[in-house]
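Undergrad: Need coordinates for the below:
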Amino acid sequence: MTLLHVLFCMNIVYLFLNCIAVSTMTAIKHALQRDIFTPNDERLLGIVNVCKAGKKKKNCFLCATVTTEKPVQVKVVKVKKSDKGDFYKRQQTWELRDLTEVDAKDASKENPEFDLHFEKVYKWVASSTAEKNSFISCIWKLNQRYLRKKLEFVNVSSQLLEESVPSGESQSVAGGDEDALDDYQELSAREEQDIEGMMVSCEYAISNAEAFAEKLSKELQVLDGANIQSIMASEKQVNILMQLLDEALSEVDTIEGKLSSYEEMLQSVKEQMDQISQSNLLIQISNTNNSKLLDEIQFLVNNLDLSKGHIRALQEGDLMSPKGIEACINASEALLQCMNVALRPGHDKLLAVKQQQLLFAELRDTFARRLTNHLNNVFVHQGHDQSSTLSQNTAELTLPKHSPLHRDLLRYAKLMEWLKNTHREKYEGLSRTYVDYMSRLYEREIKDFFEVAKTKMAGTTKEAKGKFGLHGSSGKLTGSTSSLNKLTVQTSNSRRSQSSSLLDMGNMSASDLDVADRTKFDKIFEQVLSELEPLCLAEQDFISKFFKLQQHQTVSPPLAQPEAEESDGGIPSRQPPQTEHRQSFSSEKDLVRLMMNKIFQSIETELNSLIALGDKIDSFNSLYMLVKMSHHVWTAENVDPASFLSTTLGNVLVTVKRNFDKCISGQIRQMEEVKISKKSKVGILAFVVGFEDFAELAETIFRNAERRGDLDKAYVKLIRAVFVNVEKVASESQKTPRDVVMMENFHHIFSTLSRLKISCLDTERREAKHKYTDHLQSYVINSLGQPLEKLNHFFEGVEARVAQGVREEEVSYQLAFNKQELRKVIKEYPGKEVKKGLDNLYKKVDKHLCEEESLLQVVWHSMQDEFIRQYKHFEDLIGRCYPGSSITMEFTIQDMLEYFSSIAQSH
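TA: As a prediction, the model looks like this:
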């Protein structure tokens, strides 16, 4: 008992000393965390008390820390206690990522030395091996948790580095590192008070820790002895307790035997319950299978059963009567619904399902064949129908209406949709048949229709020929004021000239017959377009509804044999069958347009032929055709910009516009080829009057027209040509002065543009006024030089001397311009001579000017103003250059006014 007592006491003392050391280190760790690391947002996870190897022992602490903010930074901090006080300070810091190797010196023996390899090797000696191992373990865990870098641990026990942890558990280990690192707990307040009280009771508790520890060890031994004595005193009670424990074990064995028997009984019951559960499960599975089987049978019966009435309608239903067609539609829809049922997996392997599908396929083929044959017969019969041609009745210019046929065929629209979804080849064959036979029908009707239109147009020209005969074009334009240049029309053997107007004949000089012809042409052309437009729209609408082509989707065209292609003239031409091939289209609109192109392939050709005839009759018909065609194109594009009608009329509009441009070019060419008479005065040029008539006609036709821009461009070309050729004619004129030709014609142009108020020609209107004013002034000045010729020359010499630097009052001393010379010149122009000269001037001006413009009085008044201006100028020069000479003219301003007035009245 004495040996046991000694060993027990030694263990107690050893544990107490360790507790004191741990408590001391814990207190230091707490102080470092509070004073150094908490202010820097760091957490202390590992600490070791070290000193440098081989040197004088100066204790310091190596601390492993992490930052509290992310990203987490792991550091090793060297902390030293200050020499001047009881506080710690940070001395050096290393980043853990800079650590490359940890050397524990010896893995098998206890050795407090270890090395840390940073930028250099730091050698340390720990206060104990346990602290060193704890610190190295902390370093390894921090590396695993935060850095996972390749860090060499040399001479370190594998148990210390937790190498036994499986790779799959590395995450959980890493997650538990922080808990292991955080096992430090601060002392409670009461524990701190007890430790402080114990240390206060001993004066040398701090100054002599070994004596204090020895004292505590002796006290612990005393307490240990008391405890052992207490234990030995209670030996009897321990024996009693042991006996009771043996009895309890015996009872436990008895209870375990009973529990084993109960477990065997329960195992038997469990086996029986498992058998009952398995039986119930099989019954439930059987019921579920029966229920699903019934659902499958009901699904097949409900979706794959076709009534006998539907079968009879598909096999022998009447496709002529409305009731029969309705029955066939219902039957075809029911058949399509049955064929499109989405069968569930495995249904297609059932024999009954296969038989039913074969029946549906047979019914589908049978009905498709019956429907195709019936509609083929309808299309063929309609294509060969001769009752709708126009050759028998030409009184009215109208096209036959196909609305009854469309109405009858639209009853089959739903059947065509069914055929499209089930038999694409038969659907495409029907489409080709319809297009083929309807194109023949429409070709006959349209040809007869245009023949009637051409006959009616030709009737107007025959009447004109019968009344007036044929006229050859002169090719020359003289100075007459007739209507716009008569355009010549090339017939088979001769040319017939026509007037240039279509409407508003009150402003033109064309005959009543020409007005009637043009009005009739206008009505015929409008009637042709008005008949074609509803015909094409009705057919396109029918094709879309009957062949179900409203939806936008990619389909293969039913027309596998396209016959039309654009020839050189833009007219569809038929190809031989061996060169035809299938085409693909991006939308069903393209398919509708292709069908329309094939059905109405003759429309564009006939329209171009009719337009050529109208242009032959009179090239000015292109103005009216341009307006009418533009309006119909605009209307068609508003309905559908990509429709057949819009495309066809647009192509024809290009031809009309080309004819219009040729008409304008012809007008300009005629202006350039104009010839004037050398023996008669020019007057108002024919192409100037022609432009006026053209503008009046065009303004009437193009009022509120969509193609106003084309007319404006033509105006600019024509007026520019008029300006250029007026100046050319004026320069070539020998009988009439150039200023007179320019003045009269530009005055006429200015008057025309001012009256018609053509906005696009405002610049030309101002230019014409400017030219008219300039040439009027030039003509007046040049003409007035002749009545007072010597007086003009004398004063021009006076002004020349003054311009050379002679003072005005000294001009009278010049020999050629003295007062005697002035009086001599003035005496040569008494009032009687002046009046006579003015009378001769009036007659000459009257010979120069034409009567159409009535500019004689305007020119005469301008001459009067210019004469008065010259008179005042002469008097002013006499007053400045001959002061005090009392020299005056032989006549006064009042005399001049009377001369001009009397001369004008006398003529």
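
Undergrad: Could you point out the helix or strand that follows the longest helix belonging to the chain?
TA: In terms of residue count, the longest helix belonging to the chain (DSSP state H) is helix 235-304. Next in sequence after helix 235-304, counting helices and strands by DSSP states H and E, comes helix 308-316.

Undergrad: mind exporting that following helix as CSV, just the C-alpha atoms?
TA: Extracted in CSV, the C-alpha atoms of helix 308-316 (Å, rounded to 0.1, in the frame of the first residue of the first chain):
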residue,chain,number,x,y,z
LYS,A,308,-69.5,2.3,-91.0
GLY,A,309,-71.1,5.5,-92.3
HIS,A,310,-67.7,7.1,-92.7
ILE,A,311,-66.3,4.1,-94.4
ARG,A,312,-69.3,4.0,-96.8
ALA,A,313,-68.8,7.8,-97.5
LEU,A,314,-65.1,7.3,-98.3
GLN,A,315,-65.7,4.3,-100.6
GLU,A,316,-68.8,5.4,-102.5
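
Undergrad: Just give the number of residues close to Lys354.
TA: Using other CB atoms under 10 Å, Lys354 is surrounded by 12 other residues. Any C-beta I mention is one placed from the backbone N, CA and C, and that applies to glycine too.

Undergrad: where does the residue nearest to it when sequence neighbours are not counted land on pLDDT?
TA: Among residues not flanking Lys354 along the chain, Asp348 sits closest, at 7.2 Å (CB to CB, 6 or more residues apart in numbering). We have a pLDDT of 78 for Asp348.

Undergrad: so Asp348 sits in a helix?
TA: Yes: under DSSP: H, G, I helix; E, B strand; the rest coil, Asp348 falls within a helix.

Undergrad: coming back round to it: how distant is the longest helix of the chain from the center of its chain?
TA: Taking the mean of its C-alpha atoms, helix 235-304 sits 73 Å from the chain's own mean (CA atoms, centre = their mean, to the nearest Å).

Undergrad: For that helix, what does the pLDDT average out to?
TA: Average pLDDT, helix 235-304: 87.

Undergrad: Leu399 touches Leu532, doesn't it?
TA: Yes: between Leu399 and Leu532 there is a contact at 7.3 Å, judged by CB atoms under 8 Å.

Undergrad: on that earlier part again, separation between the residue nearest to Lys354 and Phe299?
TA: Asp348 is 14 Å from Phe299, where distance means CB to CB, to the nearest Å.

Undergrad: Show me what counts as buried in the top strand by length along the chain.
TA: Ranked by residue count and defined by DSSP state E, the top strand of the chain is strand 42-52. Neighbour counts over strand 42-52 (16 or more other CB atoms under 10 Å) mark 42-51 as buried.

Undergrad: same question, stretch 614-631
TA: 614-615, 617-631.

Undergrad: can you check stretch 146-166 too?
TA: Neighbour-count burial for stretch 146-166, counted by 16+ other CB under 10 Å, picks out 146, 151, 153, 156, 161.

Undergrad: quick one: average pLDDT of that stretch?
TA: 73.

Undergrad: repeat for stretch 609-618
TA: 86.

Undergrad: quick one, domains of this protein?
TA: Domains of the chain are assigned by the TED database as 36-160, 219-304, 308-458, 541-549+589-764, 786-906.

Undergrad: and the ones you listed, which is most packed in?
TA: domain 541-549+589-764 (a mean of 19; mean count of other CB atoms under 10 Å).

Undergrad: now the end-to-end length of that one.
TA: In domain 541-549+589-764, first residue to last residue: 50 Å (CA to CA, to the nearest Å).

Undergrad: show me the contacts for Met671.
TA: When contacts are counted by CB atoms under 8 Å, 6 or more residues apart in numbering, Met671 touches 687, 721-722, 725.

Undergrad: Out of these, which two are the most distant from each other?
TA: Within the contacts of Met671, Phe687 and Ala721 form the most distant pair, 8.1 Å apart (CB to CB).

Undergrad: Find residues that contact each of those two.
TA: Joint contacts of Phe687 and Ala721 (CB under 8 Å, 6+ apart) are 667, 671.

Undergrad: give me the low-pLDDT residue ranges for the stretch 801-907 of the chain?
TA: For the stretch 801-907 of the chain, the stretches with pLDDT under 70 are 851-854, 856, 904, 907.

Undergrad: One more pass at 80, please.
TA: 812, 829-867, 884, 886, 890-893, 895-907 (pLDDT under 80).

Undergrad: Pick out the residue nearest the middle of this structure.
TA: Taking CA atoms, centre = their mean, the centroid of the chain lies closest to Pro641, which sits 19.0 Å from it.

Undergrad: A helix includes that residue, no?
TA: No: using three-state DSSP, the assignment for Pro641 is coil, not a helix.

Undergrad: Got phi/psi on it?
TA: With angles defined as degrees, to the nearest 10, Pro641 sits at phi -60, psi -30.

Undergrad: Could you measure from it over to Leu591?
TA: From Pro641 to Leu591 the distance is 17 Å (CB to CB).

Undergrad: again with Gly324
TA: Counting by CB to CB, the gap from Gly324 to Leu591 is 30 Å.

Undergrad: what do you get for Gly831?
TA: Distance, Gly831 to Leu591, using CB to CB: 96 Å.

Undergrad: Gln527 too?
TA: Taken as CB to CB, the span from Gln527 to Leu591 is 31 Å.

Undergrad: what about the helices in the stretch 501-650 of the chain?
TA: Secondary structure of the stretch 501-650 of the chain (DSSP state H, counting those that start in this stretch): helices at 512-546, 588-599, 603-617, 621-639, 644-672.

Undergrad: before we move on, what about the stretch 801-907 of the chain?
TA: Under DSSP H, counting those that start in this stretch, the stretch 801-907 of the chain gives helices at 819-827, 831-848, 856-881, 893-906.

Undergrad: Looking at these, spot the one closest to Ala331.
TA: helix 856-881 (93.0 Å).

Undergrad: how far off helix 831-848 does that closest one point, in degrees?
TA: 140 degrees (axes from the mean of the first three to the mean of the last three CA atoms, to 10 degrees).

Undergrad: which other helices and strands contact helix 856-881?
TA: Packing partners of helix 856-881 (3 or more CB pairs under 8 Å, 6 or more residues apart in numbering; DSSP states H and E): helix 762-784, helix 789-803, helix 831-848, helix 893-906.

Undergrad: got the contact list for Val740?
TA: Val740 neighbours (CB under 8 Å, 6+ apart): 682, 775, 779, 848-849.

Undergrad: In a markdown table: those, plus distance to His423.
TA: Converted to a markdown table, these look like this (distance: CB to CB, whole Å):
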| residue | distance to His423 |
| --- | --- |
| Val682 | 81 |
| His775 | 84 |
| Tyr779 | 89 |
| His848 | 90 |
| Leu849 | 87 |
